[in-house]
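Peer 1: sharing a model prediction with you, sequence too.
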2 protein chains.
Amino acid sequence: MTLKHSKQRDAIYGFLKDRKDHPTADVIYEAVRKKEPNISLGTVYRNLSVLKETGMIRTVEVGDGAVHFDADVSNHNHFICTECGCVEDIEMKSIDKVREIASENFDGKITGFNTYFYGLCSDCLEKRKA
Amino acid sequence: MTLKHSKQRDAIYGFLKDRKDHPTADVIYEAVRKKEPNISLGTVYRNLSVLKETGMIRTVEVGDGAVHFDADVSNHNHFICTECGCVEDIEMKSIDKVREIASENFDGKITGFNTYFYGLCSDCLEKRKA
DNA sequence: ACTTATAACAGTAACAGTTATCAATATTGA
DNA sequence: TCAATATTGATAACTGTTACTGTTATAAGT
């Protein structure tokens, strides 16, 4: 199945790649609709899944029921605020050490991992102090 | 809202605490039905959510669309096989170091984290070799 | 440019997991 | 035993997502 070009897919990826938050399919749909008013929600889901398969985007499982999407496929992890639900990137040098530690105690083969951090984002932390 | 005792909740927790896999609500429902044939799926969901709120169980977000449940609330992490989808506990001494590393590069407050490991479980690894 | 093959589309119905509603029942404390 | 209310079973509703269908857009060959 060779990919064909489509402006809908362009619009979706174009929107996502400028983003550092991690929108859901629904948010992406509403946003892309401003450029492509006739786009269908099904098209958004279909293309997000194609983009994921081709490795252009990744998914982030926040645990709120919906899947979030991230056009930054570099090796990084995520922080989820338990108060406002926002999702932020979190940079960690030396996190790859984690895989080594885990592999020592496991007899299968570990190919990758995701770490999700929970807590209060700096905004919510500020609001609590006030 | 003070909790009242219920045999349905007992049955659910009783089933879950003997388990080292991480069943979904649906699996729990089918299993508990053998002891409590009249139990409703809604009751299962309701009690799982109560048990989680009271800290007796925790949820595991495997990323397969359904929420998995774990009666082991001790500090441990999970491995998800990308082939068969099974979920296993993974023991890691010194994983708490991860939080420290992450906190250094983040200006909110990190209260906890979950790491999900992906790869091939020992069974699937064996099958591939054969 | 015209044709053909097929990926992608919009629209919508269907689906899975979960939550909410509600009248009836079970548990608790007085 | 009685009243207060948490819990229940049954079911309807809701949400995020996927599948289906007839139509349109894209790419490649002529």
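Peer 2: Yep, it's here. Numbering: from 1, shown residues only, chains lettered A, B, ... in the order given.

Peer 1: rest of the way, CA atoms for contacts and neighbours
Peer 2: Fine.

Peer 1: what's the burial count for residue A:88?
Peer 2: 17 (other C-alpha atoms under 10 Å in any protein chain shown).

Peer 1: name the SS class of it, please.
Peer 2: strand (DSSP: H, G, I helix; E, B strand; the rest coil).

Peer 1: for it, give the beta-bridge partners.
Peer 2: Bridge pairing for residue A:88 (DSSP bridges) gives the partners residue A:79.

Peer 1: wait, it sits on residue A:21?
Peer 2: Yes: if you go by C-alpha atoms under 8 Å, residue A:88 and residue A:21 touch, sitting 6.4 Å apart.

Peer 1: need the strands for chain A, in chain order.
Peer 2: A:58-61, A:67-70, A:77-81, A:87-90, A:109-120 (DSSP state E).

Peer 1: do you know the pLDDT at the closest residue to residue A:31 other than its chain neighbours?
Peer 2: In this structure, residue A:31 finds its nearest non-sequential neighbour in residue A:15, 7.8 Å apart by C-alpha to C-alpha, 6 or more residues apart in numbering or on different chains. Predicted confidence (pLDDT) for residue A:15: 98.

Peer 1: residue A:42 now?
Peer 2: Confidence score, pLDDT, at residue A:42: 97.

Peer 1: how much space between the nearest residue to residue A:111 once chain neighbours are set aside and residue A:45?
Peer 2: With C-alpha to C-alpha, 6+ apart as the criterion, residue A:111 has its nearest non-adjacent residue at 4.7 Å, and that residue is residue B:119. Per C-alpha to C-alpha, to the nearest Å, residue B:119 is found 26 Å from residue A:45.

Peer 1: more crowded one of these two?
Peer 2: Neighbour count, other C-alpha under 10 Å: between residue B:119 and residue A:45, residue B:119 has more, with 19 against 16.

Peer 1: that one touches residue A:112, doesn't it?
Peer 2: Yes: at 6.5 Å, residue B:119 and residue A:112 qualify as touching, with contact defined as C-alpha under 8 Å.

Peer 1: how about the one helix or strand in chain A whose mean pLDDT sits lowest and chain B, any contact?
Peer 2: Counting by mean pLDDT, DSSP states H and E, chain A has its least confident helix or strand at helix A:97-104, which shows a mean of 76. Yes: judged by C-alpha under 8 Å from any C-alpha of the partner chain, helix A:97-104 comes into contact with chain B at A:98, A:101-102.

Peer 1: tell me the buried residues within these.
Peer 2: A:98, A:102 (16 or more other C-alpha atoms under 10 Å in any protein chain shown).

Peer 1: out of the residues of helix A:97-104 next to chain B, which comes closest to DNA strand D?
Peer 2: residue A:98 (27.9 Å; C-alpha to the nearest atom of the strand).

Peer 1: gap between the closest one and residue B:25?
Peer 2: According to C-alpha to C-alpha, residue A:98 and residue B:25 sit 31 Å apart.

Peer 1: got it, and residue A:126?
Peer 2: Plainly put, residue A:126 is 38 Å away from residue B:25 if you go by C-alpha to C-alpha.

Peer 1: name the residue in those two with the higher neighbour count.
Peer 2: A direct count of neighbours by other C-alpha under 10 Å for residue A:126 and residue B:25 places residue B:25 higher, at 19 against 11.
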